[in-house]
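Asker: Fold the following and give me the result.
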Amino acid sequence: MEGAKTTNETNPQNGAGKKGRSERRRHADAAAGLRYYLPKSGTSAERPELGRELASEGEALVEAFRKGLPIFTLAAWEAVVEMNGGEPKIVKRALAPATANGNLKAS
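Answerer: Numbering: from 1, shown residues only. All right, here's what the predicted structure looks like:
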């Protein structure tokens, strides 16, 4: 048959290639130093309070599923100046995990 597509062809509308995007997203999350939390008892999505921190996204998903709770993520950033052709530009940069875990450096 001419013009028939095989199942190996990538079609962005049918979801092919999503594994690569999810892998990139996971690496981007790790690079951003995302941390995963279950909510404190009695909290809500409208007024979140962080409870127990979990070691990974996978662990957070399993615990949240077991307990029927949402997952909260936290990313810590710092504002830094980058020079762009002689022009200063303020941008955000993800804090290193040790810094993001509460060991903030003195200003």
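
Asker: which parts of the helix or strand containing residue 60 are buried?
Answerer: Element membership for residue 60, per DSSP states H and E: helix 57-67. Within helix 57-67, the residues that count as buried by 16 or more other Cβ atoms under 10 Å are 57, 60, 64. All C-beta spots, glycine's among them, are computed from the backbone N, C-alpha and C.

Asker: I'd say the second one and residue 70 touch.
Answerer: This points to residue 60. No - Residue 60 is beyond contact range of residue 70, at 10.0 Å (criterion: Cβ atoms under 8 Å).

Asker: Sheet-wise, list the partners of the next helix or strand after the helix holding residue 60 with their directions.
Answerer: Next along the chain after helix 57-67, taking DSSP H and E as the criterion, comes strand 72-74. Strand 72-74 has the following strand partners under DSSP bridges: strand 35-39 (antiparallel).

Asker: List the contacts of the partner strand.
Answerer: Strand 35-39 has contacts (Cβ atoms under 8 Å, 6 or more residues apart in numbering) with 48-57, 59-60, 63-64, 67, 69-75, 100-101.

Asker: And the helices in the chain?
Answerer: 18-31, 57-67, 97-100 (DSSP state H).

Asker: Buried only: go through the contacts of strand 35-39 for me.
Answerer: Using 16+ other Cβ under 10 Å, the buried ones in the contacts of strand 35-39 are 54, 57, 60, 64, 69, 72, 100.
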